[in-house]
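Enquirer: Pasting the sequence and the predicted model now:
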Amino acid sequence: CGRNSKEDADEGLPVTELYEKAHNQMVRGNWSDAERTFKRLVAQYPYGPYTEQALMETAYAQFKAGNHEDAVSTIDRFIRTYPTHRNIAYFYYLRGLANSNRDAVFLQRVWSLDPSRRDLASPQQAYDDFARVVQRYPNSKYAPDARQRMVELRNLFARHEMDTVLYYMRRGAWLSAASRAQYILETYPQSEFQNDAVAALAASYEALGNEALAADARRVLQLNDPQHPFLSGDWPDYPMAIRKLNPFAGEVSPTGNRSATRDR
Amino acid sequence: QSVEPFTVSDIRIDGLQRIAAGTVFTYLPVERGETMDQAAAGETIRALYRTGFFEDVAVDRQGDILVITVKERPAINKLTLTGNKDIKTEDLTKGLQDIGLAEGETFDRLALDRVTQELTRQYNNRGKYNVQITPTVSPLDRNRVDVTIDVKEGKAAKIRHVNVIGTDSFSNEDILANWESRESGWLSWYRRDDQYSREKLSGDMEKLNSWYLDRGYIDFSIDSTQVSISPEKRDMYLTASVTEGEVYTISEIKVTGDTVLPQDQIERLVIPKAGDTFSRVLLELSADSITNTLSNIGYAFARVNPVPTTNREDRTVAINLQVVPGPRVNVRRIVFKGNTRTSDEVIRREMRQFENAWYSQAAIDRSKIRLQRLGYFETVEVETPAVAGTSDQVDVVFNVKETTSGSFVFGLGYSQLAGMTASIQLSQNNFLGGGNRVSVEAQRSDYMQRYAFSYLNPFFTDEGLSLGYNLWWRELDYSDFNTAQYNSTNAAAQAVLGLPITEHSSISLLGGIDSNQIQTYPGSTPQSIIDYVNAVGQRTFHAWRTELGWARDTRNDFFMPTRGMYQRIGLETTLPGSTVEYFKINYEFSRYWMLHPAFVLRTGLDLGYGDSYGDDTVRNLCWTPGSYVDSDGDGQIDTYVPGPAPSEPCLPSSPDYDKTVVATGLPFFENFYAGGTRSVRGFRDNTLGPRSEPTGGYSRGQPLGGSLKTVGQIEMVFPRLFDSKAARVSAFVDFGNVYDGWDNFDANELRASAGVALLWRAPVGPISISYAYPFKKKDGDEIERLQFTFGGGF
Amino acid sequence: CSTVKGWFAGKDAEAKKAAEPAELVDFQPTAQPAKVWSTGIGDGERRIGTRQTPAVLDGRVFAAASENRVVALDLQTGKQVWEFKAPKDQALRLSGGPGAGEGLVVVGSLGGDVIALDAAGGAERWRAKVTSEVIVAPLVTQGTVYVRSNDGRITALDATTGERRWFNEHELPPLTVRGNAPLTYAPGVLFSGNDDGTLSALSLQDGRVLWQQTIGTPDGRTELERMADVDSAPLIDGTMLFVSSFKNRTVAIDGPSGRPMWQSEYGGIGGLGVAASGLLVSSPAGTVYLLDKNNGAALWSQPALARRSLTGPVVQGDYAVVGDYDGYLHWLRLDNGELAARERVGGKAIKGQPVVVDGILLVQNVEGGLTAFRLD
Amino acid sequence: CGVLYKQPIYQGNLLEKEAVDQLKPGLSKQQVAGLLGTPSVQDPFHAQRWDYSATERTNRRGTTESKTLTLHFENDTLVRWEGDYFPEQDLELARSANRQFGPNLPKEEKRGGRR
């Protein structure tokens, strides 16, 4: 019965007071209470300027509180009701942010696990949201940051492919490595791992005894990235095997960078 | 009101409350400056209704201004559901939300009507034909409404009568054996087979059809099926009438089409022969084995069409199996979905199918089984979608659903007896999604300390060589385990190496050093233990320990295997130079049969034998009792004067000779124990087997364990009792005992019990509860019918 | 919160009571039915839903109770005259009937067998097979046995040899009410109530459909709401034909022409009763009505037995008699419908419509108990 | 060390002798693909060259055997081809499949479900 009485307390409040109360909670960073108060506001005053503002801040509160699922569904409901709202761009941008952290379970953040090695469905959705911001609202103030995040996400996808290529190379499955490397060149042109992919192709062809293709691939690499370690023979540098015995060793990608640094 | 065409100079919208004017403009089909006529007016009204925001829309004209007056639909303030038991509220609210009925949404009477109809249909599907669903809408101020949906479910209609007419050659009893719609019987609460549903009935009709087609009745036909219900809508009646037709035999069976492999190889896979009675299931099995064989070498889209030509007069049928191999297919990419915690490589390393390689169905099936055996996933599903734009390339998509694979308990406490107690027990099979098994245990209190760490990387090399190590330092009070009373401080460091030798079997090598310091308490520790320690001459037992193991595992799942077998034999020895030289042989075996989708049988065996090798140590003990004396003359006995030193060397002939003790056989702290949740349930943990003489308050002596263990389990698992995979109920018969060496083995000393057990994989860790009735016991056995374990491995 | 829960329970309890069968109310009996005899004739239909009733011919009662047994009893004394049993290995579950006429007793089984016995001695004359289970009494008239099977088919068999003369097929809706309508006949015409809410008039000779009349229209959103079965026997009174459907509808038709005269919104599947003063019907909801034969208006209605799954009403003397789910027989006064007497016949439900012959009322319950009552 | 089990790794295309024998200059790329299927290596830097490579690693020493059949085109019509390919061994592959990977799953367990 306790819960009901708290609800009734908000029942009679005028909209401005309710909004004030929720806003203060936001400022204090008390996200879940703010969310609940905003929800009560929307339920009691289903129309008027405060409602739109309340819906916007509910989504932000949910995003900050970490429940990204609810944030995305609140955003979707807002877009459905106010398709031409003036800062729709903000909503798509927030949706992108929520989706890119959606699967980052608590543990993942603590141990900085590499999202590129996990299911990429949510980051893919985030990429589409940011793309919509960039295409539909190119001159909104979120476009530049959205564009930047898209580049990062593309590199995340490319890293996933590259890690798999390196895995297949380590296993000696050269044809699998070659086809994935080619996939990187075709699907993510100009990504961070463009040259690594060409190096992988060269390595695979050499192992397959296909000198002609190997030589050409090596020449292309020489042109694009003369200092690439493959040319000097010390690529890929797989992490030392001993790390496999230390459970807290963290995930180091043979592509050389520490595990992916995600957004700020 | 008819509107003559006019050019619209401006548009005004009245009656807007919640919806912004801008929003309405986007949906309006007409703009300023365009002409407005009857058709456009109609189109406008329809467009605005389609938005679902408005209850009423009217179009009017004031001079050249187009005036649209709208009445907004109310918003839903509160949505309550009462009386629904069969379908849970969350599922309902989720469903309502999809239809657009949720708090804060605009209320739409049509949607409410659709929901009521949908709910009725769902309840009818569950056999609840008497359901009454009454939605009530109560308006509030500020154009809001409260919606309550009251559900009166009523009783489910039960199937009372299933009758098939015209089945002269077989008894209805056999035919209806595995139907899903059966007359309500005593088992119906579990099999839920007395609830009618159209899908179940059509499935059963298909079973009826197959029953006859599998026995040669080619002309079999189901003439009519009737479903009727009693006037009170509580009993259901299913009737079907059939014409059997004649039994046909196979006159000739041949394989045609491009068989890829030599013709005779494929023909060997065809089970039915000319002259046999026609049987569709045998034909299907033959077709399956042909398509399987072809799909194992790249022909993923292989198909076999059995073309029968019947000869009505002599009732024979000639069958032509047309093999259509289709193109040889390559796998382009292998993609994993659903692994939010498990890393991609941990899954990929289990794959037997490679990318940019020819398709092998056997490899893909094997990969699915290997993923299911990891224990990280609740379900593993495989799809092989064709790659768009190519005729001979497919992708392989593995969809996994992750689950908790281990346990994590953290405890802090304080008690006068034990002072500050802190305990952390973490064991994860898939630590941080890296596929490594890590378990950490740290327990600290005033009287007991325990620290253990073990780690295993199953893929230290890419080929599956596993490497791991265990370290622990433990103080154990064995009386906690209901066994003989003595303490031991045990420290060990071990390395474990696993070498795969075939796809299903592997060899394991363990090497380690450990020391075990025994603390006995004269008067409460059994005499045999004290003698043993005295015989060995020292309380700490150092050992260079090695174990050589061989294991073969063909089970098809980690949590609930339904097929396959697991067996492991391990020879553990302490190397010469250890304080005591002994060996222990462990043999584990369990086998799974799926008798019926709802019944899986598991038989298990757990045998162990240990003995010392090398010569026994014999020692004579000499000892003269000391005496108590009043040293400071105050009349109080206050000091103890030890007796003279025992004579050296102590011989039976020495004056203070007490007795000769011999240390032979398996050391007591390495004894096997039986009884308890992981061996013979229904008996207290570790209390079966030989007991010491009455000592230390144990009138019947303390359990010593034995050097020979023979324990077996027969268990029937009911996978269908719970919908979720996290819980498993089983009925079991356990039997077993431990003996002191081979010669004391005595079959009727075996204890046995029967009961039921529940295993639940809670988020915190596996919990098992079992209730067992020991039906073969001897008086004096310590019975414990209800037993409960928490955490620990599987 | 506890108060709220209490309030809820109250509402639930009251809602629950509304769904339970009505309580039996005490009253001053104005009639004295006396049990003449009572006997067990088999293990009864139990839950097979066949609404089995005995047949009476020339002072003898022929009855079966879905067991491998047909028994003939003397109407007045209830003593067994003869008994028929199929051999052990071909045991049959006799669920249809029996129907009696022209010296013949015909009974149908759940396996689709039709067995004709000699009314005098019980010897088996012939045996035939129909395509589905027979759960209603066959009709014996003018040298032919008409058997209705549950798949909507009516088969005409020669009374002396059992050979099939013709059969008529009628389409069935996907979901029907359990039970089929017994066949009735008028000169040259066979009346068959169908499960899709229609009445067909067939020629007795060759089974041609003479005309068809809709009794209950199958409308509604779900199959459940569309059930409009005509499961009770069409009743002939003079030249008028009364037919009733599950969809609470009764229609009066002028026999010879087939023109519907009137339509009333009271109806049911339990079987109709007819008295001089009107037409008796019991609705699925458990109310008994007396309808005016000329316009179908309800002269009186008796709601006291609501939700007790009543059988069809039957007239005995000045009373209408119905049986209910708990094994009670209720005598209602014909003039005003008031409860006149109540007798209990064993603990189990009465589903078949009682039969009244020469003032003796015969009632069979689902446990195979057959009892005769006489009104003093 | 040779005693350790190494999972069999099969890669690339399996070619049939009578399909390869039907190769003749002048065939279009579609015709070649119709005969031999999609090549395993279509190097991004060599549009006019298809490599039908295949590798096999089935022994315990972990040595991989690879063979490549290279086809050269000029503006998309076949000019010449060289290299070799694994001889047809469908029968041994079919026999060894279940030995190496265990039995095929029954139909209903293939797609979904847990077993």
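Expert: Nice, thanks for sending it over.

Enquirer: What is the neighbour count of residue 81?
Expert: Just so you know, I chose chain A. A count of nearby residues for A:Thr81, using other C-beta atoms under 10 Å in any protein chain shown, gives 20. No exception for glycine: its C-beta is placed from N, CA and C like everyone else's.

Enquirer: hm, I was asking about chain D
Expert: 18.

Enquirer: what residues does chain A put near chain D?
Expert: Residues of chain A lying close to chain D by C-beta under 8 Å from any C-beta of the partner chain are A:171-176, A:178-179, A:182, A:185-186, A:201, A:205, A:207-210, A:212-213, A:216-217, A:220.

Enquirer: Apply 7 Å and report the result again.
Expert: Residues of chain A lying near chain D by C-beta under 7 Å from any C-beta of the partner chain: A:172-176, A:178, A:182, A:185, A:208-210, A:213, A:216-217, A:220.

Enquirer: same question, the stretch 401-550 of chain B
Expert: Checking the stretch 401-550 of chain B against chain D by C-beta under 7 Å from any C-beta, the hits are B:Glu463, B:Leu465, B:Leu499, B:Pro500, B:Ile501, B:Thr502, B:Glu503.

Enquirer: Could you tell me the single residue of the stretch 201-350 of chain C that sits nearest to chain A?
Expert: C:Arg221 (29.6 Å; C-beta to the nearest C-beta).

Enquirer: so which helix or strand takes in that residue?
Expert: Here C:Arg221, judged by DSSP states H and E, is contained in no helix and no strand.

Enquirer: for B:Arg234, what are its contacts?
Expert: B:Lys155, B:Ala157 (C-beta atoms under 7 Å, 6 or more residues apart in numbering or on different chains).

Enquirer: Show me the helices in chain D, by range?
Expert: Assigned by DSSP state H, chain D shows helices spanning D:17-21, D:29-36, D:90-101, D:107-110.

Enquirer: could you dump those to TSV with mean neighbour count and mean pLDDT?
Expert: Converted to TSV, those look like this (neighbours: other C-beta atoms under 10 Å in any protein chain shown; pLDDT from 0 to 100):
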stretch	mean neighbour count	mean pLDDT
helix D:17-21	12	88
helix D:29-36	17	90
helix D:90-101	18	85
helix D:107-110	14	62
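
Enquirer: which stretch among those comes nearest A:Ile242?
Expert: Across those, A:Ile242 has its closest neighbour in helix D:90-101 (32.2 Å, C-beta to C-beta).

Enquirer: Centre of the chain to that closest one, how far?
Expert: Between the centre of helix D:90-101 and the centre of its chain there are 15 Å (C-alpha atoms, centre = their mean, to the nearest Å).

Enquirer: buried subset of the residues of the stretch 401-550 of chain B next to chain D?
Expert: B:Leu465, B:Leu499, B:Pro500, B:Glu503 (16 or more other C-beta atoms under 10 Å in any protein chain shown).

Enquirer: where are the low-confidence patches of chain D?
Expert: For chain D, the stretches flagged by pLDDT under 70 are D:1-2, D:108-115.

Enquirer: cool, and chain C?
Expert: C:1-18.

Enquirer: coming back round to it: gap between the nearest residue to the residue of the stretch 201-350 of chain C closest to chain A once chain neighbours are set aside and B:Leu96?
Expert: Of all residues not flanking C:Arg221 in the chain, B:Gln117 sits nearest, at 6.4 Å (C-beta to C-beta, 6 or more residues apart in numbering or on different chains). Per C-beta to C-beta, to the nearest Å, B:Gln117 is found 13 Å from B:Leu96.

Enquirer: So what touches stretch C:310-325?
Expert: Stretch C:310-325 is touched from outside by C:21, C:31, C:232, C:270-275, C:280-282, C:286, C:288, C:305, C:308-309, C:329-334, C:340, C:349-354, C:356, C:359, C:361, C:363, C:375, with contacts defined as C-beta under 7 Å, 6+ apart.
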